[in-house]
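Novice: following is a predicted model, sequence given first.
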There are 2 protein chains.
Amino acid sequence: MDFQHSHSDNPHTSAIHPPEKHRIQESNLNYSNEPIPTRSLSNYIVHCHTPLNAEPQLPLLVNSGQITPADVFFKRNHGPIPDITLDNHKVFIGVQQNPQYYFNAESPAVEWKQLSMHDIMTKWPKATITASLQCAGNRRDGLAAVKEVKGVIWGAGTTSTAVWSGPRLCDVLKDVAGVSSDMLDEMIRDFHVSFEADDHVHEDVCYGSSIPLRKAMDPAGDVILAYEMNGKPLSRDHGFPLRVIVPGFIGARSVKYLQQILIQPQESMSFFQRRDYKILPPWVDHDNVDQSWDTAASLTEMNIQCVICTPTEKEVVASSKPVTIKGYAIAGGGRAVYRVEISTDGGDTWEPVDKMEQRPDKKSGMYWAWALWEKTVPRMNKSTEIIARAYDSSGNVQPEFPIWNYRGVMNNAWSRVHTLPVLQYHM
Amino acid sequence: MDFQHSHSDNPHTSAIHPPEKHRIQESNLNYSNEPIPTRSLSNYIVHCHTPLNAEPQLPLLVNSGQITPADVFFKRNHGPIPDITLDNHKVFIGVQQNPQYYFNAESPAVEWKQLSMHDIMTKWPKATITASLQCAGNRRDGLAAVKEVKGVIWGAGTTSTAVWSGPRLCDVLKDVAGVSSDMLDEMIRDFHVSFEADDHVHEDVCYGSSIPLRKAMDPAGDVILAYEMNGKPLSRDHGFPLRVIVPGFIGARSVKYLQQILIQPQESMSFFQRRDYKILPPWVDHDNVDQSWDTAASLTEMNIQCVICTPTEKEVVASSKPVTIKGYAIAGGGRAVYRVEISTDGGDTWEPVDKMEQRPDKKSGMYWAWALWEKTVPRMNKSTEIIARAYDSSGNVQPEFPIWNYRGVMNNAWSRVHTLPVLQYHM
């Protein structure tokens, strides 16, 4: 397949390159063209409108079922929603073998190729993957309660699950970037695939991130370039016209508004790869953060997580009736949720949940989608702490208490809610 | 390559099949031919001689360096050490597509092929992998301290690291079992590769175990059939003449004395796959264990682990000198050790280690081998609890306290030792 000339009569490949990008000051970001008419936020707790950062109410999230509707799925943005035209959008794909490139943006070393959305939607088989995305900052509120953190103070609603469709990244890279098995053999250890968005943010020239080439090229890694979510074209809020879906990884790697894919010998130089989304050590805070970023690796896979979604914290429940507890659990890297356990006595004893459903990918068998679980416990006639914890299939378990870190990421402490039983409460 | 006739003139493949096996009562197992003359146990804490179960002293383990010598590497057995002759040993390889086989041992459905050790040592490239093995029962003593458990009461010495050499299992299965990429596509989700040893145990007809076909066939999974350990032929204690090495998985899957490899549509029926090596729920104990086995999945990858090896528990240290703490950390599934943290104030504050080294596989880049770390802390003039904890690259962290389970597996609680400082202690 020959993509490089598909939208150009110019036989010189050097004529193809991604548009130049410039960093924009936060105060100059333009939020006048947000997709307001198509955006209902009634299902959400909105933490910020510019950029839009909103998570669903937890009972709604878990009651929406295995597949989260697009208007319940959490919305995480770093800048204005770009207004991209399907017909005009191009995706640039290249291979960079020389790390020096990063210090010389004019380097001609990358031979870019470009794809139209039509190419992306027609030239490869359409794969469909059901995958949960989870923001690394999910449950940041639990760490903020320990000590001040930097970031949107998310609750536990930035985990959602959708059905994503589009070509497999490994197929696209084989054909367009010419990644052969010999080449892969050489590059698998050290190379990464970086993604850049066609957007504006104030922290960098655009949103960007990367994943190891190993993940990108693994047929069972199930990384896709998604143009559909739950059977419909992506909405602008969710990345129209194209986003990466990197199942098993923190949501930050599933770059929206995808414009550029570059295979390179190191991870992305983006702010969002190098200066964000890391578990900084507990001895790092505002005063010494600048010199600490390079001491921690960039996050990739999610850790084992389990959250009670209903009842909610301090929810009033009828003391005369049993209480049904519902929640989700998710492990990273395609690992299964091994077990969810519930305690109503402060962790002294534990009980199984009544039911739990987690569906592996029908082809790869990997567990990219969350487990939804529920348990009904006898009526509570006093205020009770309900605790849930989960293990993943590798025997990892959630820690009992939150472990604070400056960026407030990856909080996966045991989930706890306290009920307020009321006599003769009318449900 | 044609293996099936390599040691037979019989053109009928049905003539090749593994030897029949019979279960032997525990009291009838024959321990008269243990490799006593070649076995020095002076480096070990011996928990049991028949079968031999022995772990190294922790300071010796960590001071032996990145690669553990064979006579320091932990020794875990379930029965007598078989006395196998290199020239006569055969390895049988087959594909079983029909689950009904398991209820009819006479089924002709498997077309077995056989390999001699000469075949295994010459017909494929020799891969060399540095990998840690860790018994799932490592640190069982910490769970036994909570409540009675079943199993050898191991300390933290059943983690060791060696350089293993032999053909890649994926290469062997492609050639001998005819696993094509189309076939793999069909089977990757549900199939397993089971291994059986040429030995006798009392729990089953032989030691056996299995791994998902996905792991076996993943070129970056680095599963090998090892005939060398640290550059020398395997010793009898470590699996002579051939063992599987499944890096990133619990040690129980790295079957020694390998005699049989079978691709099959479900995991091994062996006792050691189905009735052992599972994290049973905390509500399961001796009284209800029988009906509980099938409620928990078989263990595969290791969890995040970190252990202080020196000083040892209640070690007397000079109060006039700084103390150097050394230990190991290892994550499962090829994940890196993200960070090790030390606390000497009960977990209120944490400090970095002074150095840590973990080497990824030179080809796949996966972290199969442990990280060794050390930290020197100021002199201690009172009894001090030193705590170490680690995170893996997926953001999983060790739990603060042991979580008891009946089989006492996968204990990865924070590691704690208490020093006893003595004034003017002469080192």
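Specialist: Done, it's in.
Novice: contacts and neighbour counts: CA atoms only from here.
Specialist: Fine.
Novice: contacts only, for the closest residue to chain B within the stretch 1-150 of chain A.
Specialist: Closest contact between the stretch 1-150 of chain A and chain B, by Cα to the nearest Cα, is at A:Ala136 (9.8 Å). By Cα atoms under 8 Å, 6 or more residues apart in numbering or on different chains, A:Ala136 lies in contact with A:Ile250, A:Gly251, A:Ala252, A:Tyr277, A:Met302, A:Val409, A:Met410.
Novice: surely A:Thr324 meets A:Trp373?
Specialist: No: counting by Cα atoms under 8 Å, A:Trp373 is not a contact partner of A:Thr324; they are 10.4 Å apart.
Novice: tell me which of those two has more neighbours.
Specialist: Taking neighbours as other Cα atoms under 10 Å in any protein chain shown, A:Thr324 and A:Trp373 compare with A:Trp373 leading, 21 against 14.
Novice: sec struct for the more buried one, please.
Specialist: Taking DSSP: H, G, I helix; E, B strand; the rest coil as the rule, one finds A:Trp373 in the strand state.
Novice: next: A:Met380.
Specialist: Following three-state DSSP, the label given to A:Met380 is coil.
Novice: now the closest residue to chain B within the stretch 51-200 of chain A: closest residue in space that isn't a chain neighbour?
Specialist: Residue nearest to chain B within the stretch 51-200 of chain A: A:Arg189 (4.5 Å; Cα to the nearest Cα). Leaving aside its chain neighbours, A:Arg189 sits nearest to B:Gly365 (4.5 Å; criterion: Cα to Cα, 6 or more residues apart in numbering or on different chains).
Novice: can I assume the one you found sits in a strand?
Specialist: No: counting by three-state DSSP, B:Gly365 is not found in a strand; it is coil.
Novice: please report phi then psi for it.
Specialist: Main-chain dihedrals, B:Gly365, degrees, to the nearest 10: phi 80, psi 0.
Novice: show the pLDDT at it.
Specialist: Predicted confidence (pLDDT) for B:Gly365: 94.
Novice: repeat that for A:Phe3.
Specialist: Reported pLDDT for A:Phe3: 42.
Novice: what's the answer for A:Asn10, then?
Specialist: For A:Asn10, the model assigns a pLDDT of 41.
Novice: then A:Phe240?
Specialist: For A:Phe240, pLDDT reads 98.
Novice: before we move on, what about the one 4 residues further on?
Specialist: Turning to A:Val244, the model gives it a pLDDT of 98.
Novice: again with the one 3 residues further on
Specialist: The predicted structure scores A:Pro247 at 98 on the pLDDT scale.
Novice: hmm, back to that, quick one: the residue of the stretch 1-150 of chain A closest to chain B is in a strand?
Specialist: No: counting by three-state DSSP, one finds A:Ala136 to be coil, located in no strand.
Novice: and for the residue of the stretch 51-200 of chain A closest to chain B, the neighbour number?
Specialist: By other Cα under 10 Å, the residues close to A:Arg189 number 20.
Novice: my understanding was that it contacts B:Ser364; is that so?
Specialist: Yes: checked against Cα under 8 Å, the pair A:Arg189 and B:Ser364 is within contact range at 5.2 Å.
Novice: what residues does the stretch 51-200 of chain A put near chain B?
Specialist: A:Asp185, A:Ile188, A:Arg189, A:Asp190 (Cα under 8 Å from any Cα of the partner chain).
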